[in-house]
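Visitor: model the following, please.
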Amino acid sequence: MFTSVLMIEKPLTSVDVEFVTTLHGDEGVSFIVLMQPRGDQADVLLRAIDDVAMGELKEATREGEEPEGKEARIPAEQALEHSLQALRDAGCEAVGQVVEDHPLNKMKAVVDESEADEVIVLTAPHYVEEFFHRDWASRARHKVGVPVLKLFAHSE
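Guide: Next up is the predicted model:
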């Protein structure tokens, strides 16, 4: 069985589930999902610039209004549970956890403990972070020791 560590920022859509569950054809896949809630206040400016670049002006004006800390934990846990159930419904094994502190260190530890075959980072586009190689996938490639695939999440 192929083991993938899947890092997400929001609940998986049905399109996302189909996409990640069919990457390896008919081979069985198990997922270890790491739910990384959207970044902290230090990322607000970068997210707002990304929103403007994508023409999402309403989103840019709402940056900084999302819950943080303990307030962000409950929606993150709900998003994780939704995503795990969707992967299980698609016939895959799936476990996961919300990651709040040191996500790259946690990712590396999970890859090492599970002997994962790959990491999949499934996020919305973050053009500014990607340009400067500060996005999760770019940073993970230097840390985890397995192939890292970056995919863009879909919206429903």
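Visitor: looking at the protein, which helix is longest?
Guide: Under DSSP state H, the helix in the chain containing the largest number of residues is helix 70-89.
Visitor: who does it touch, helix- and strand-wise?
Guide: helix 14-21, strand 29-35, strand 93-98 (3 or more C-beta pairs under 8 Å, 6 or more residues apart in numbering; DSSP states H and E). Just so you know, the C-beta spots here come from the backbone N, C-alpha and C atoms, and that holds for glycine as well.
Visitor: ranking these by burial, who's on top?
Guide: When you average the neighbours per residue for each of these (mean count of other C-beta atoms under 10 Å), strand 29-35 leads with a mean of 23.
Visitor: so which elements touch that strand?
Guide: Judged by 3+ C-beta pairs under 8 Å, 6+ apart, the packing partners of strand 29-35 are strand 2-8, helix 70-89, strand 93-98, helix 103-114.
Visitor: any chance of CSV for the ones you listed, columns mean pLDDT and distance to Pro37?
Guide: Converted to CSV, the helices and strands packed on strand 29-35 look like this (pLDDT from 0 to 100; distance: least, C-beta to C-beta, whole Å):
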stretch, mean pLDDT, distance to Pro37
strand 2-8, 95, 10
helix 70-89, 90, 4
strand 93-98, 97, 7
helix 103-114, 94, 10
